[in-house]
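1. can't give you the sequence, but here's the structure:
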Ligand code: AGP
């Protein structure tokens, strides 16, 4: 997630900007920059790939850049790899306007085409630079910055938090937001804009939260806020009482909890730019129907939770593509002399894009002639760079070692990709295609509703946190989802757990079920609910304590048998794991909390496993 800070006041801006950016480092970034305006030097822009220290060194801690008006940015790449030129602030062609942006401009390509036709030249690959150039285009038309900003905001589609300064306006910065958070800070030494409280809490706790489509004009003397039609707005001030540590987690107790709660928004970022007029649109993928017909085998290869995404996708893709889909652990695939050739599609999934086993498996697949497609969160990561095609999840940086929002956005992106490929192959009925897509767009709101009230999950965690062995049982997609639920519990609470295909239990493992054994019975996959119920009866008969997970329509039947039941909203079968897994993430989180574990940094684990 990018971080924005802006300042206008009675002190030099550069040190304030650098300090604010440093306080947002926890958000994760790959480049940083500042722009400061002074009478003598006009707009001074300094930006660089890499750590914030490199930027600070570049400007000697801010001493090299003078002026009391400025904007700063830490970039988390979405469009365009991490580089000096792709770093923000972006500057208009004349050098008269500097802009920082957090969000995704969905129609940037068509606007870029328009501007190129009008002779505008670009220096970066980013969507954000398009906004800077479009702003100059309109400013040159109307010679009024506020009016030009209004015209730009009416033209762009997608999410944005913007900070803008212009050589012609020595005392004011302009801010605007839609779907990306932006706050206004009122301080003794001057006034601020920032992506979150952390950046400015040292200077002020008096803040205003901008609403979507609002525009703010910030000067050293005050702040004026307008609606998109330039109607002045009186805003409520808030006094922030967080301590700095809490502020870094957005007020949440742990990054993992923050990232669980961010999932609806992360999924919106993943899907919104890829659904247009009722169709899945994947600008980044260059598959044709002929390509798809050519693939006689499809592999999904990954590690850990990313592998679990592959297991869910195997069921969904086989349903959609009517093709055999094989899912393999990367560490096994690479040494298994895989049956891979030029007629094979290998999809690799990796949040970090740096997992060595997954990278090695992809290289082995390429060496054997396969077409490789990577599903990655970190833009410009090694796997992203080496794959033939890459689709980014745009989940934003994931700080907690135990993945949640990255898993969820991978899962959703694989559902979108499955629909896209099935459409290419002509193997999905229009009714199913439309139904999945409609319900996929409703998923974030359904997830939000569940996240708005999960006291029962917290209670069950307090009831069951002392168990030393837990089974997650389910069939089909429930089993696949259970793999992730089980890993979440193991990773952060250190409780031994096993996900098991419930139809397989009777072939041996059921001998482990004894009075009091905790079994998390997953019953959200409607088509096999009766079978799942019979397996619940089986374990109950041997004394198991059953915590069930099901959907609203199945609640009554499940509650007749289970000792406790968590209910999630019902959606299309293909999408159901995306809702159920949130309950399992929260259950693991609260169990670990009860056990006093280090939730964000579990023992023995690393966020990215770059060793064999
Ligand atoms: C997820 O909670 C784990 N931290 C781990 O299994 C992770 O999914 C795995 O190491 C793969 O990482 P990647 O997605 O970055 O490749």
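-> Cool, the structure landed. In this text the structure is predicted, and so the values were computed from the model without any measurement.

2. wait, is residue 134 part of a strand?
-> No - checked against DSSP: H, G, I helix; E, B strand; the rest coil, residue 134 lies outside a strand; its state is helix.

3. find the nearest non-adjacent residue to it, please.
-> residue 152 (5.3 Å; Cβ to Cβ, 6 or more residues apart in numbering). To be clear about C-beta, it is placed using only N, CA and C from the backbone, and glycine gets the same treatment.

4. what is the strand or helix carrying that neighbour packed up against?
-> Assigned by DSSP states H and E, residue 152 belongs to helix 145-155. Packing contacts for helix 145-155, counted by 3 or more Cβ pairs under 8 Å, 6 or more residues apart in numbering; DSSP states H and E, involve helix 127-142, strand 160-166, strand 169-178, strand 214-219.

5. 10 Å instead?
-> strand 97-102, helix 108-117, helix 127-142, strand 160-166, strand 169-178, strand 214-219, strand 223-226 (3 or more Cβ pairs under 10 Å, 6 or more residues apart in numbering; DSSP states H and E).

6. so which of those is nearest the ligand?
-> strand 97-102 (23.1 Å; Cβ to the nearest ligand atom).

7. so what angle separates the directions of that closest one and strand 169-178?
-> Going by axes from the mean of the first three to the mean of the last three Cα atoms, to 10 degrees, strand 97-102 is angled at 30 degrees with respect to strand 169-178.

8. how much does strand 97-102 deviate in direction from helix 127-142?
-> 140 degrees.

9. and strand 97-102, which strands flank it?
-> strand 90-91 (antiparallel), strand 160-166 (antiparallel) (DSSP bridges).

10. which stretch among these comes nearest residue 581?
-> strand 160-166 (28.9 Å; Cβ to Cβ).

11. next one: that closest one to chain centre, how far?
-> On the basis of Cα atoms, centre = their mean, to the nearest Å, strand 160-166 sits 23 Å off its chain's mean C-alpha point.

12. whatever helix or strand residue 566 lives in packs against which elements?
-> Per DSSP H and E: residue 566 is located in strand 564-568. Counting contacts by 3+ Cβ pairs under 10 Å, 6+ apart, strand 564-568 is packed against helix 430-451, helix 455-464, strand 518-523, strand 545-551, helix 555-559, helix 576-594.

13. model confidence over the helix holding residue 152, on average?
-> Mean per-residue pLDDT for helix 145-155: 96.

14. okay, the angle between that helix and helix 108-117?
-> 130 degrees.

15. buried residues, helix 145-155. List them.
-> The neighbour-count check on helix 145-155 (16 or more other Cβ atoms under 10 Å) flags 145-146, 148-153, 155 as buried.

16. one more: stretch 528-539?
-> Quick answer for stretch 528-539 (16+ other Cβ under 10 Å): 528-529, 532-533, 535-536, 538-539.

17. hmm, back to that, any chance of CSV for the helices and strands packed on helix 145-155, columns mean neighbour count?
-> CSV is the format used below for the helices and strands packed on helix 145-155 (neighbours: other Cβ atoms under 10 Å):
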stretch, mean neighbour count
strand 97-102, 29
helix 108-117, 15
helix 127-142, 23
strand 160-166, 27
strand 169-178, 22
strand 214-219, 22
strand 223-226, 18
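
18. surely residue 511 and residue 517 touch.
-> No - using Cβ atoms under 10 Å, residue 511 is not in contact with residue 517, being 11.0 Å away.

19. just want to know which of these two has more residues nearby.
-> Neighbour comparison, residue 511 and residue 517: the larger count goes to residue 517, with 18 against 9 (by other Cβ atoms under 10 Å).

20. grab the nearest non-local neighbour of the more buried one.
-> Nearest to residue 517 is residue 544, by Cβ to Cβ, 6+ apart, at 4.8 Å.

21. count of neighbours near that neighbour?
-> For residue 544, using other Cβ under 10 Å, the count is 23.

22. so what's it up against?
-> 471, 473, 510, 512-519, 521, 536, 538, 563 (Cβ atoms under 10 Å, 6 or more residues apart in numbering).

23. between the residues you listed, which is nearest the ligand?
-> Of all those, the one with the least separation from the ligand (Cβ to the nearest ligand atom) is residue 471, at 19.5 Å.

24. who's the closest residue to the closest one other than its chain neighbours bridged to?
-> In space, and not counting its chain neighbours, residue 471 is closest to residue 519: 4.7 Å by Cβ to Cβ, 6+ apart. When bridges are called by DSSP bridges, residue 519 pairs up with residue 471, residue 546.

25. for the ligand, state which of the buried residues of stretch 528-539 is nearest.
-> Among the buried residues of stretch 528-539, residue 532 lies closest to the ligand (Cβ to the nearest ligand atom), at 25.4 Å.

26. which among the contacts of residue 544 end up buried?
-> Buried by 16+ other Cβ under 10 Å: 471, 473, 510, 513, 517-519, 521, 536, 538, 563, out of these.
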